[in-house]
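> Structure for the following, please:
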Amino acid sequence: MNKVKVSVILLLALGVLTVRAHSNEPSPPAGPVAAQGDVIFLDQGWSSADRQAYYHADQGTRLIPYNWFLALEQPGLSGKPFLSDKILDEYNLLSDSDTTNNPDRLPVGLVKNVAPDGEFIGLTCAACHTSQIHFNGKKVRIEGGAAMSSPNTFSATMFKALLETKLNPIKFSRFAKKVLGDQNSLAERLKLKIEMTKTLEAVFADALLGKAKHLYPLEEGFGRLDALGRGGNLIFGSELDNRNFAVANGPVSLPNLWDAPSFDWVQWNGSIQQPMARNIAEALGVNAPINLKGDGQELFNSTVPVENLHRVELLLEKLRSPKWPEEILGNIDREKASRGEALYTQHCAGCHESQLGPPNEFGKRFLHIQMYPLDVIGTDPTAATNFNRRTVLTPGLSLPNPLSAAGALEAVASAVEKKKYDELGLTPEQRIEMNGFRANKLRPTLSYRARNMNGIWASAPYLHNGSVPNLYELLLPASQRSRSFYVKDMEFDTQRVGYKTGKTPGAFKFDTSKVGNSNSGHVYSDGPRRNGVIGPALTDEERWAIVEYLKTR
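Residues are numbered from 1 along each chain as shown. Just a heads-up that it's a prediction; the model follows:
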């Protein structure tokens, strides 16, 4: 249960985080609120306590022992702590200076997991679903936004630092003193080195397997992950059967979390319905250990805290989309935005405005997301087709063999859910409430959802795979969009509405010619409405008007 898998660590999230508690603290006043030094927080309905619960939510995930993480030094010979501004900046992890609630100054998205068998450093959804924009020297935090981080390479660097520590006697001596104390014995140091060796062997075994099988041929870069692909490799490959490994080359842009509790289906391919199931899948996908090879009472044991997974929905129900802060980013041209609203209503609203669906079997209504087949929307099909075609062998699980990836994930999430509910002694009514009044259903659609427009200005890059850098380019013919651009810079482009795309130190070059990276589809062009053409050609004046209107959403 404590083994570390590199495919786990490099994976982030199927969608949503967990929280420790739901705060009753009043929400902050409307408008930007300066807090925690130079970071500006917008009014999104959360209190500072809500924010802290989100940033460092314990969801049962484990990477390495917590004291190892605090004692670790950066790669190289500097001797400086691994947990540093330099490392955070390198991977676009966001700082959290609230030392009252975060005494070890963990960045947003990392958490100390406290368990009967030890303390571990773990990941939370905040690492992928908290964003920040920079403009004229100011930093604006976007809660629940699509992060521009790269936690997978951060984790890889962490293990590189651990390997160097094991091999370098001087670094190991400093590390051992911090972990074991100044008066540590030879036997204690030997035991520590053996534990480090076991951890690293498991990590590199999975890394070598992934390389040998060419499982990850497409670099994801900043702000993207192939969560379904990597998650499938972890849960059904590493934890169940090596025959279940599959190529994961369909990375997607990290979605926003606001409005998520209101939707009938989530994920870019609209694959998951129930909040509890998607949160269980997410926790398993960021190294919450699960037993899929045991028998009897041990089978489906996991560290997933379902009580926290339920609380996330209560917290997310409070989260609102961010409003364009004119005092920071500049005034919106209201006359141009009015013209853009008319054009949006004419050309865009039919796809992007969600309506309440009919009551479900529990009498609850949810916003119906509109799904569009791959040959209609015309965007890169890789993410959807990979999940649709994937099958899973299920030895020892008393399940049909093989199953679709959707069916296998549904079955595992249901089993974990039931086991935890039984342990808590929940009534049928409590279980229905914990499940968000939705049945656990997964589906492998060959389509993508039309995203909600709330807060769309703060949601760059665009399309499901992040292949279009700003809103203006999204309204251009595909042939006129950037064929390549750089991703890392968080400086905001208020005109085109997106991040700056120039080359900066450590930036990832996004090449749209590669499979999984295509920027085709979602095109306005004269001619038949097919193969990605969704509306008539727009003039440049019309494009700018629509962009201006979308700043108001």
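
> Show me what the one helix or strand Asp50 maps to is packed against.
In this structure, Asp50 is located in helix 48-55 according to DSSP states H and E. Identification of packing neighbours for helix 48-55 by 3 or more Cβ pairs under 8 Å, 6 or more residues apart in numbering; DSSP states H and E yields helix 306-316. Heads up, the C-betas are built off the backbone N, CA and C, glycines and all.

> Please enumerate the strands of the stretch 251-400 of the chain.
252-253, 355-356, 367-368, 371-373, 391-392 (DSSP state E, counting those that start in this stretch).

> Show me how far the helix holding Asp50 is from its chain's centre.
17 Å (Cα atoms, centre = their mean, to the nearest Å).

> Name the residues of it that come out as buried.
Ser48, Asp50, Arg51, Gln52, Ala53, Tyr54, Tyr55 (16 or more other Cβ atoms under 10 Å).

> picking that back up, from the strands of the stretch 251-400 of the chain, which stretch is densest packed?
Between those, strand 252-253 has the highest mean count of neighbours, a mean of 24, where neighbours are mean count of other Cβ atoms under 10 Å.

> Pairing partners for that strand, with directions?
strand 224-225 (antiparallel) (DSSP bridges).

> going on from the strand it pairs with, what's the next piece of helix or strand?
Counting by DSSP H and E, what follows strand 224-225 is helix 227-232.

> Would you mind checking the average pLDDT for that following helix?
The pLDDT scores in helix 227-232 average 92.

> now stretch 516-536
pLDDT averaged over stretch 516-536 gives 93.

> what's the offset of that stretch from the middle of its chain?
Stretch 516-536 sits 27 Å away from the centroid of its parent chain (Cα atoms, centre = their mean).

> List the residues that contact Val416.
Ile280, Leu284, Ile290, Phe300, Ser302, Val304 (Cβ atoms under 8 Å, 6 or more residues apart in numbering).

> Contacts only, for the last one.
Read it as Val304. Gln59, Gly60, Ile280, Ala283, Leu284, Ala288, Ile290, Val416, Lys420.

> All the strands of the stretch 101-250 of the chain, residue numbers only.
Going by DSSP E, counting those that start in this stretch, the stretch 101-250 of the chain shows strands at 110-115, 118-123, 130-135, 138-143, 224-225.

> quick one: the second one to strand 110-115, angle?
Strand 118-123 and strand 110-115 meet at an angle of 150 degrees, taking axes from the mean of the first three to the mean of the last three Cα atoms, to 10 degrees as the criterion.

> for the fourth one, same thing?
Relative orientation of strand 138-143 and strand 110-115, computed by the same axes, to 10 degrees: 40 degrees.

> What strands flank strand 138-143, and is each parallel or antiparallel?
When DSSP bridges is applied, strand 138-143 pairs with strand 39-41 (parallel), strand 130-135 (antiparallel).

> Need the contact partners of that strand.
The contact list for strand 138-143 (Cβ under 8 Å, 6+ apart) reads 32, 38-42, 44, 46, 51, 54, 94, 130-134, 319, 322, 325, 328-329, 455, 458.

> what separates the residue minimising distance to the centre of the chain from Gly76, distance-wise?
By Cα atoms, centre = their mean, the mean C-alpha position of the chain lies nearest to Cys128, the distance being 3.8 Å. According to Cβ to Cβ, to the nearest Å, Cys128 stands 27 Å off from Gly76.

> hmm, back to that, tabulate the CA atom coordinates of the helix holding Asp50 in CSV.
Provided in CSV are the C-alpha atoms of helix 48-55 (Å, rounded to 0.1, in the frame of the first residue of the first chain):
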residue,chain,number,x,y,z
SER,A,48,-9.8,32.6,3.4
ALA,A,49,-10.6,29.4,5.4
ASP,A,50,-12.3,27.9,2.4
ARG,A,51,-9.3,28.8,0.3
GLN,A,52,-6.9,27.1,2.8
ALA,A,53,-9.0,24.0,2.9
TYR,A,54,-8.9,23.8,-0.9
TYR,A,55,-5.2,24.5,-1.2
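
> Any chance you could give me the helix or strand where Asp422 lies in CSV, C-alpha atoms only?
Using DSSP H and E, the element containing Asp422 is helix 405-424. The C-alpha coordinates for helix 405-424 follow below in CSV (Å, rounded to 0.1, in the frame of the first residue of the first chain):
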residue,chain,number,x,y,z
ALA,A,405,-12.1,1.4,-19.5
ALA,A,406,-15.3,3.3,-18.6
GLY,A,407,-16.9,0.1,-17.2
ALA,A,408,-13.8,-0.9,-15.2
LEU,A,409,-13.4,2.6,-13.7
GLU,A,410,-17.1,2.6,-12.8
ALA,A,411,-16.8,-0.8,-11.1
VAL,A,412,-13.7,0.1,-9.1
ALA,A,413,-15.1,3.5,-8.0
SER,A,414,-18.4,1.8,-6.9
ALA,A,415,-16.5,-0.9,-5.0
VAL,A,416,-14.3,1.6,-3.1
GLU,A,417,-17.4,3.8,-2.5
LYS,A,418,-19.4,0.9,-1.0
LYS,A,419,-16.6,-0.3,1.2
LYS,A,420,-16.1,3.1,2.7
TYR,A,421,-19.8,3.7,3.2
ASP,A,422,-20.1,0.3,4.9
GLU,A,423,-17.2,1.1,7.2
LEU,A,424,-18.9,4.4,8.1
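
> which one's the longest helix in this protein?
Secondary structure of the chain read by DSSP state H shows that its longest helix is helix 186-212.

> average model confidence for that helix?
Mean predicted lDDT for helix 186-212 stands at 94.

> go on, stretch 236-254?
95.

> Beta-bridge partners for the residue nearest to Tyr66 when sequence neighbours are not counted, please?
Closest residue to Tyr66 apart from its sequence neighbours, by Cβ to Cβ, 6 or more residues apart in numbering: Glu119 at 4.0 Å. When assigned by DSSP bridges, Glu119 has beta-bridge partners Val114.

> how far away is Glu119 from Val179?
Separation of Glu119 from Val179 (Cβ to Cβ): 12 Å.

> Over to Asn517?
In terms of Cβ to Cβ, Asn517 sits 42 Å off from Val179.

> just Pro461 next, same as before
40 Å.

> Compare these two (neighbour count), which wins?
Neighbour totals were compared for Pro461 and Val179, and Pro461 leads with 26 against 19 (other Cβ atoms under 10 Å).

> any idea of the angle the helix holding Asp422 forms with helix 306-316?
Using the same axes, to 10 degrees: helix 405-424 against helix 306-316 is 110 degrees.

> Name the residues of helix 405-424 that are buried.
405-417, 419-421.

> where do the contact lists of Glu119 and Val179 overlap?
Shared contacts of Glu119 and Val179, counting by Cβ under 8 Å, 6+ apart, come down to Asn67.

> Touching, Gly232 and Ala406? I think so.
No: Gly232 lies out of contact with Ala406 (Cβ atoms under 8 Å); the separation is 10.2 Å.

> what is in contact with those two at once?
Phe387.

> you'd agree Ile121 is up against Ile64?
Yes: checked against Cβ under 8 Å, the pair Ile121 and Ile64 is within contact range at 6.0 Å.

> sorry, back to before: just curious, which of the contacts of Val416 is nearest to Leu106?
Distance to Leu106 across those (Cβ to Cβ) is lowest for Val304, with 20.8 Å.
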